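Visitor: no sequence on this one, just coordinates:
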């Protein structure tokens, strides 16, 4: 069984490893000239795209095949202040270069739209904003020339005092999405409302892959055994390699926040369980120390009996 590891957005081990350069609306509104505002966004976007390519090259050099893009690549892309700006056309060469690099290295990339992206919201304005955010993410993926595949992780959304109705509303909205959006989505269990069982059942209905978040499962569950759920979660991927999210709680009092690094003990039980299924899978590390947390965990896994480190960010069991 082969397991690959990746991390989120920022590479701490390299200079200019942040593709998150942004600006607040308040600051931008101080620029009275509309073209001046776009120029500021243009400069930041160019820097973020250059840093993204720099990170991908770093990842390739260190056998990191899995990576999550920041949603801030284009600052304020979904704000009305940028409505008339075609950030994909203006930077088409840069987008294509990034996409070509991803495809040439066979990298698995993803993005995680904002937690305010709520397809099951009963409020029309919230739904409209959510659709606009998804469109922004898809615009980037299309500009990179990446074919439709599960690349965008979203949560089910809010409870709105009625779980069954909220799930039905999600199904209805999901089924109305254009293929260019719908085919790129995958669903993740959250840490407060929708359990792994909830999301698994939903994915089986709508035909979307499920991203299992181990940490979230420990935060909210009804005593389910992941060994019993894992084969069904694998099946939602229809033959593609499943992906999970891995993080550790910040501390005993704040169990939902992510720690700086991954505690080996938070992963080994799942790894042992998954070995029985024999299915390769990818791991997205959600830790504050980003790539440094990844390498720390891999160093520890390498010292664990029964685990072989075959690349810098890949193990075999």
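Guide: Noted; the coordinates are in hand. Just so you know, these numbers come straight off a predicted model, no measurement behind them.
Visitor: alpha carbons only for contacts and neighbour counts from here, please
Guide: Fine.
Visitor: in this structure, where is pLDDT below threshold?
Guide: For the chain, no stretch has pLDDT under 70.
Visitor: the longest helix along it: which residues count as buried?
Guide: Taking DSSP state H as the criterion, the chain has its longest helix at helix 34-61. Residues of helix 34-61 classed as buried: 37-38, 41-42, 44-60 (neighbour count, 16 or more other CA atoms under 10 Å).
Visitor: okay, now residue 134: neighbour count?
Guide: By other CA atoms under 10 Å, the residues close to residue 134 number 23.
Visitor: could you pull out the helices for the stretch 101-250 of the chain?
Guide: Using DSSP state H, counting those that start in this stretch, the helices found in the stretch 101-250 of the chain span residues 124-143, 163-176, 179-182, 196-206, 214-219, 226-235.
Visitor: would TSV of the ones you listed with distance to residue 248 be doable?
Guide: Formatted as TSV, the helices of the stretch 101-250 of the chain follow (distance: least, CA to CA, whole Å):
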stretch	distance to residue 248
helix 124-143	27
helix 163-176	27
helix 179-182	30
helix 196-206	17
helix 214-219	6
helix 226-235	17
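Visitor: list the residues that contact the closest residue to residue 116 other than its chain neighbours.
Guide: Once flanking residues are discounted, residue 116 sits nearest to residue 130: 7.1 Å by CA to CA, 6 or more residues apart in numbering. The neighbours of residue 130, taking CA atoms under 8 Å, 6 or more residues apart in numbering as the test, are 116, 117, 118, 119.
Visitor: and with 7 Å instead?
Guide: Contacts for residue 130 (CA atoms under 7 Å, 6 or more residues apart in numbering) come out as 117, 118, 119.
Visitor: what do you get for residue 227?
Guide: So residue 227 contacts residue 273 (CA under 7 Å, 6+ apart).
Visitor: gap between it and residue 236?
Guide: Counting by CA to CA, to the nearest Å, the gap from residue 227 to residue 236 is 15 Å.
Visitor: wait, residue 233 touches residue 210, no?
Guide: Yes. The pair residue 233 / residue 210 is scored as a contact, 6.2 Å apart, by CA atoms under 7 Å.
Visitor: what touches both of these two?
Guide: Contact criterion CA under 7 Å, 6+ apart; residues shared by residue 233 and residue 210: residue 200.
Visitor: out of those two, which sits in the more crowded spot?
Guide: Between residue 233 and residue 210, counted using other CA under 10 Å, the more crowded position is residue 210 (30 against 24).
Visitor: which residues does the spatially closest residue to the more buried one that is not a sequence neighbour form a beta bridge with?
Guide: Residue nearest to residue 210 in three dimensions, not counting chain neighbours: residue 187, with 5.0 Å by CA to CA, 6+ apart. For residue 187, the beta-bridge partners are residue 154, residue 210 (DSSP bridges).
Visitor: tally of neighbours for residue 187?
Guide: Using other CA under 10 Å, residue 187 has 20 neighbouring residues.
Visitor: give the contact list for it.
Guide: By CA under 7 Å, 6+ apart, the neighbours of residue 187 are 153, 154, 155, 156, 199, 208, 209, 210, 211.
Visitor: which of those residues ranks first by neighbour count?
Guide: Busiest of the contacts of residue 187 [other CA under 10 Å] is residue 210, holding 30 neighbours.
Visitor: just confirm it contacts residue 201, I think it does.
Guide: No. The criterion here is CA under 7 Å, and residue 210 misses it with residue 201 at 9.7 Å.
Visitor: now the common contact residues for those two.
Guide: Joint contacts of residue 210 and residue 201 (CA under 7 Å, 6+ apart) do not exist.
Visitor: which non-adjacent residue is nearest residue 232?
Guide: Nearest non-adjacent residue to residue 232 (CA to CA, 6+ apart): residue 200, at 7.7 Å.
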